[in-house]
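Mind looking at a prediction? Sequence and model below.
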Amino acid sequence: MAPCTIDERQVLLLSCGEEQSVLDEESRTRTILNDEHRKKTEKSELFQFLIRPWLDSVQCLCSCPWTPNSGKPEGDPVEEKNAHRHGIYTACVVRIIKYTFSTVLLALCLNMIITGIFAEATPIGKSANSLVAFSTMWILILWLGVLEGGQGCLVGLQPIDKELYAKTHPMTHQCATIAHKGDNLNRFIVGRQFLVVLVVFCLNLCCTMVEGAVIPGFSNGLVAVFLSSGIAVMLITVVLGQLSAEVNATNCMLDFINTPVMVCTTWVCLAIESSGLLHSVYLVQCFFSLFTRKGSETQDEPSRTNMQSLFFWVRVLLSLTLLCYALTVTLAALLEDKTTMCQGLPDVSSVAIFICLICMLGMLEAMQIALFAVVNLPSEDLQEHPVAVANCQLVFSDDNFKAFLIGRQIWVTTCMFLLARITTTDVDTDGPGDGNVLNVSSAIQKFFNTGLPGALITTIVASLVWRIIASSFPIAFMANPFVRVTIRLCLLLEASGVFSAAWLLGDILKLVIGLKPDEVYIGTSGERETREASGEEEGLALKDHTTKTNYGATMDEPVIIC
């Protein structure tokens, strides 16, 4: 074959260039089409997430027709099938009503709060700036979700080999390594408890309305029912900041805490505990350890040196002093009617409400620990306590346990908001300072007005101390007749459907962030056990986790967290 001339080579190169241009154009076209298809798919998935609860319920209604009672005798198979269909039909109708009602109510409350913030009708919006209050509200809600979901993630990841997710989730690995070292998990949860209470108190300042505030576009009746009472801020806090995060944290632990925010939060919680601010609770723990003759130190923690013991007890004394002073300030403010509690109540009534709220919150905080402790006890130890057994059976029957946990979380947040209202002082610091609590200076009174003394009281007296009592005497605690009433209240609140929008928002959050179940990365527990037995992959095995923690329901030591 004759060689190509220069002109022929130019023609060939030109034709090749034209073909390459055509290929490039086709490639760009396919890329654009793929991008458009991906966007349509994402929009379709988002739409499905938004309406999935309602679609599932409607599909259930359509697929489960019900015919009325035909007068057939009892025990007839057809009649039993119709009764079963009727039960499913009713459940679907109730579910649709709950989702719709909860979503509409959440939107209304959120709209009212945002309108009130920009109308400078909130404490922070009035004293600082509406934009500051609005930004602070959303930051606190998001951080509360990290605190609530992060605790469950760190506890759930404790028995799993960290090498399984060290490369895929480096920040999760970092958080778990820090929190699972020695007794750090207990310290993390103690510090986290104070942060949760502090966030709730700060949200109270961001979202509640000042006295006499007028919200544009809303009647005074709606403002009084939802904003002045605090119902609106409680609803958005529970749904947006707690339940929607906890829904995803149960099975997406690795993705949920694989963020720098969780790493910083872990260190902040440990720093708060190490500061000694809450160390007075360890004094109570030591007392019950001596009383019940059960050790209070974990086997992973070495014995303290003399200097460490001295530093520990100095922090305990400091914490006890601060707690006593905070109680003195709060009680004095209540007796002088200088808190954000409803004005005009008798002094004795305010103190009585304060004590009742502490007892109610403490019972809710301790009940979960006592439940697991009693369930794990031998049956012969429970024979003499039929009330405790009946209470446990009520919680663990059917789907009551899940409903109880949700209702309990709602009641806990409600009590925290009420305690924030009743313990936060409300004194004008612009004047000469004659009306300050205990005649302190205006600078100290401004600090009291932030609600931090109340947050300290709530964390220690209304939460951590009650957990120690419940872990030391679980049977006696569950035999309390008030426990059954509290369980019923939790079940009733969950059944109301007011907070059902949390499941919808949980699905939206999962789609937006891109959360995936843990099984995608590390497999199920059965798969990990199979790999361990067969030796197919090195390192894909669960550690034989024997470290005791204060999480769970053991009777080996006082429990202060759960």
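Good, I have the coordinates.

Do you know the pLDDT at Ile303?
Slight slip there: residue 303 is Ser, not Ile. Each residue has a pLDDT score; the one for Ser303 is 77.

tally of neighbours for it?
Residues near Ser303, counting by other C-beta atoms under 10 Å, number 7. Yep, even glycine has a C-beta here, placed from its N, CA and C like the rest.

Can you tell me the SS state at it?
Per DSSP: H, G, I helix; E, B strand; the rest coil, the local secondary structure of Ser303 is coil.

Please report how far Met367 lies from Thr330.
Applying C-beta to C-beta, to the nearest Å, one obtains 25 Å for the distance of Met367 from Thr330.

With Ala166 instead?
Look at Ala166 and Thr330: by C-beta to C-beta, they are 47 Å apart.

more neighbours, those two?
Higher neighbour count among Ala166 and Thr330: Thr330, with 24 against 15, using other C-beta under 10 Å.

and that one, what does it touch?
Under the criterion of C-beta atoms under 8 Å, 6 or more residues apart in numbering, the contact partners of Thr330 comprise Thr339, Phe354, Thr423, Pro453, Gly454, Ile457.

which element is it on?
Assigned by DSSP states H and E, Thr330 belongs to helix 306-335.

and the next element down the chain from that helix?
helix 347-375.

mind listing what's buried in the helix or strand following that following helix?
Next in sequence after helix 347-375, counting helices and strands by DSSP H and E, comes helix 379-382. Within helix 379-382, the residues that qualify as buried by neighbour count (16 or more other C-beta atoms under 10 Å) are Leu382.

Would you map the helices across the stretch 451-562 of the chain?
For the stretch 451-562 of the chain, helices defined by DSSP state H, counting those that start in this stretch occupy the ranges 452-459, 465-472, 474-478, 481-495, 501-513, 519-522, 525-534.

possible to save the ones you listed as a markdown table with mean pLDDT and mean neighbour count?
Formatted as a markdown table, the entries for the helices of the stretch 451-562 of the chain read as follows, by pLDDT from 0 to 100; neighbours: other C-beta atoms under 10 Å:
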| stretch | mean pLDDT | mean neighbour count |
| --- | --- | --- |
| helix 452-459 | 93 | 25 |
| helix 465-472 | 87 | 25 |
| helix 474-478 | 86 | 21 |
| helix 481-495 | 89 | 17 |
| helix 501-513 | 86 | 18 |
| helix 519-522 | 88 | 15 |
| helix 525-534 | 72 | 13 |
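
Using JSON lines, lay out those together with distance to Asp381.
Compiled in JSON lines, the helices of the stretch 451-562 of the chain are given as follows (distance: least, C-beta to C-beta, whole Å):
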{"stretch": "helix 452-459", "distance to Asp381": "32"}
{"stretch": "helix 465-472", "distance to Asp381": "15"}
{"stretch": "helix 474-478", "distance to Asp381": "7"}
{"stretch": "helix 481-495", "distance to Asp381": "18"}
{"stretch": "helix 501-513", "distance to Asp381": "37"}
{"stretch": "helix 519-522", "distance to Asp381": "37"}
{"stretch": "helix 525-534", "distance to Asp381": "30"}
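
surely Ser350 meets Thr340?
No: proximity of Ser350 to Thr340 does not meet the contact threshold set by C-beta atoms under 8 Å, at 11.3 Å.

Common neighbours of these two, please.
Common contacts of Ser350 and Thr340, defined by C-beta under 8 Å, 6+ apart, comprise Ile422.

Any regions of the protein where pLDDT drops low?
In the prediction, the chain carries residues with pLDDT under 70 at positions 1-87, 89, 292-302, 342-344, 432-433, 532, 534-562.

how does it look with 80?
Along the chain, the parts satisfying pLDDT under 80 run over 1-92, 125-128, 210-213, 289-303, 341-347, 372-384, 398-399, 429-434, 524-562.

For it, which residue occupies the most central location?
Most central in the chain under C-alpha atoms, centre = their mean is Glu148, positioned 3.1 Å from the mean C-alpha point.

what residues are up against that residue?
Under the criterion of C-beta under 8 Å, 6+ apart, the contact list for Glu148 reads Val196, Gly241, Gln242, Ala245, Glu246, Ala249.

Could you check how far it is from Pro386?
Distance of Glu148 to Pro386, computed by C-beta to C-beta: 35 Å.

do the same with Cys153
Between Cys153 and Pro386 the computed distance is 38 Å (C-beta to C-beta).

Name the residue in those two with the higher neighbour count.
Relative neighbour count places Cys153 above the other of Cys153 and Pro386, with 27 against 10, counting by other C-beta under 10 Å.

Tell me the buried residues in whichever strand or helix holds that one?
Per DSSP H and E: Cys153 is located in helix 130-156. Residues 130, 133-134, 136-137, 140-141, 143-156 are the ones in helix 130-156 that count as buried (16+ other C-beta under 10 Å).

Centre of the chain to it, how far?
Its chain's average C-alpha position is 9 Å from that of helix 130-156, according to C-alpha atoms, centre = their mean, to the nearest Å.

from the chain's centre, how far out does the next helix or strand after that helix sit?
Tracing the chain past helix 130-156, the next element assigned as helix or strand by DSSP H and E is helix 170-179. Mean C-alpha position of helix 170-179 versus that of the full chain (C-alpha atoms, centre = their mean) differs by 20 Å.

Tell me which other helices or strands helix 170-179 touches.
Here helix 170-179 touches helix 130-156, helix 184-207, helix 253-256, helix 260-274, going by 3 or more C-beta pairs under 8 Å, 6 or more residues apart in numbering; DSSP states H and E.

Which of those helices sits closest to Thr237?
Comparing those by their distance to Thr237 (C-beta to C-beta), the top pick is helix 184-207, with 5.8 Å.

Now do the closest one and helix 347-375, the angle between them.
Between the direction of helix 184-207 and that of helix 347-375, the angle (axes from the mean of the first three to the mean of the last three C-alpha atoms, to 10 degrees) works out to 150 degrees.

Could you give me the buried positions within the next helix or strand after helix 184-207?
Past helix 184-207, further along toward the C-terminus, the next helix or strand under DSSP H and E is helix 220-222. When burial is assessed from 16+ other C-beta under 10 Å, helix 220-222 yields the following buried residues: Leu222.

continuing past helix 220-222, what's the next helix or strand?
Criterion used, DSSP H and E; the element after helix 220-222 is helix 231-236.

how far is stretch 197-205 from where the chain is centred?
Put simply, stretch 197-205 sits 14 Å off its chain's centre (C-alpha atoms, centre = their mean).

Correction: the previous question concerned stretch 400-409.
When C-alpha coordinates are averaged (C-alpha atoms, centre = their mean), stretch 400-409 and its chain have centres 13 Å apart.

do stretch 231-250 as well
The chain centroid and the centroid of stretch 231-250 are separated by 7 Å, computed with C-alpha atoms, centre = their mean.

still on that earlier bit, looking only at neighbour counts, state which of Ser350 and Thr340 leads.
Relative neighbour count places Thr340 above the other of Ser350 and Thr340, with 23 against 20, counting by other C-beta under 10 Å.

re earlier: okay, angle between the helix holding Cys153 and helix 501-513 too, please.
Going by the same axes, to 10 degrees, helix 130-156 makes 90 degrees with helix 501-513.

Taking helix 260-274 as reference, get the angle to helix 130-156.
Taking the same axes, to 10 degrees, one finds helix 130-156 and helix 260-274 inclined to each other by 80 degrees.

What separation is there between the nearest residue to Cys415 once chain neighbours are set aside and Leu371?
For Cys415, ignoring the flanking residues on the chain, the nearest one in space by C-beta to C-beta, 6 or more residues apart in numbering is Leu361 at 4.0 Å. Here Leu361 is placed at a distance of 17 Å from Leu371 (C-beta to C-beta).
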